[in-house]
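Undergrad: have a look at this prediction, sequence included:
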Amino acid sequence: MIRADNLIVTRGGRRILDLPALSIAPGGVFGILGPNGAGKSTLLRVLAGEMAPDSGRAFLDGRPLSHWRAGDVARRRAVLPQH
């Protein structure tokens, strides 16, 4: 399960992500929709462990992403970046 609590990311003095809560159960399909600049890619980077939020925490299987080793988290999830 992926969970996030109170995620905030700011860049250039501007808040680009402000997400109070998110929970995604395994095996489901989840879509992220929004206009350009809404923070969709930033959210995915935080949930993938590629970017640390300025505030709040993201969890994988009940454990904060910041406590996972890169190799261990890579074996638990797959990410295909758009670039």
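TA: Structure's in. What do you need? Numbering: from 1, shown residues only.
Undergrad: please count neighbours and contacts with C-alpha atoms only from this point.
TA: OK.
Undergrad: flag the shaky bits of this protein, pLDDT-wise.
TA: Screening the chain residue by residue with the criterion pLDDT under 70, one finds the ranges 82-83.
Undergrad: what are the ranges of the helices in it?
TA: Assigned helices in the chain, in chain order: 40-48, 70-76 (criterion: DSSP state H).
Undergrad: okay, strands next: where are they in this protein?
TA: Under the criterion DSSP state E, the chain carries strands at the ranges 2-11, 14-24, 55-60, 63-64.
Undergrad: quick one: residues contacting the residue nearest the centre of the chain.
TA: Taking Cα atoms, centre = their mean as the criterion, L47 is the residue nearest the geometric centre of the chain, at 2.0 Å. Shown in contact with L47 (Cα atoms under 8 Å, 6 or more residues apart in numbering): 2, 4, 58-59.
Undergrad: related to what we said a few turns ago, highest mean neighbour count out of the helices of the chain?
TA: Per residue and on average, the most neighbours among these fall to helix 40-48, with a mean of 18 (mean count of other Cα atoms under 10 Å).
Undergrad: format the CA atom coordinates belonging to it as PDB.
TA: Extracted C-alpha coordinates of helix 40-48, given in PDB (Å, rounded to 0.1, in the frame of the first residue of the first chain):
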ATOM      1  CA  LYS A  40       0.900  15.600 -10.900                       C
ATOM      2  CA  SER A  41       4.500  14.800 -11.800                       C
ATOM      3  CA  THR A  42       5.800  16.100  -8.500                       C
ATOM      4  CA  LEU A  43       3.400  13.800  -6.700                       C
ATOM      5  CA  LEU A  44       4.600  10.800  -8.700                       C
ATOM      6  CA  ARG A  45       8.200  11.700  -7.900                       C
ATOM      7  CA  VAL A  46       7.500  12.000  -4.200                       C
ATOM      8  CA  LEU A  47       5.600   8.700  -4.200                       C
ATOM      9  CA  ALA A  48       8.400   6.900  -6.100                       C
END
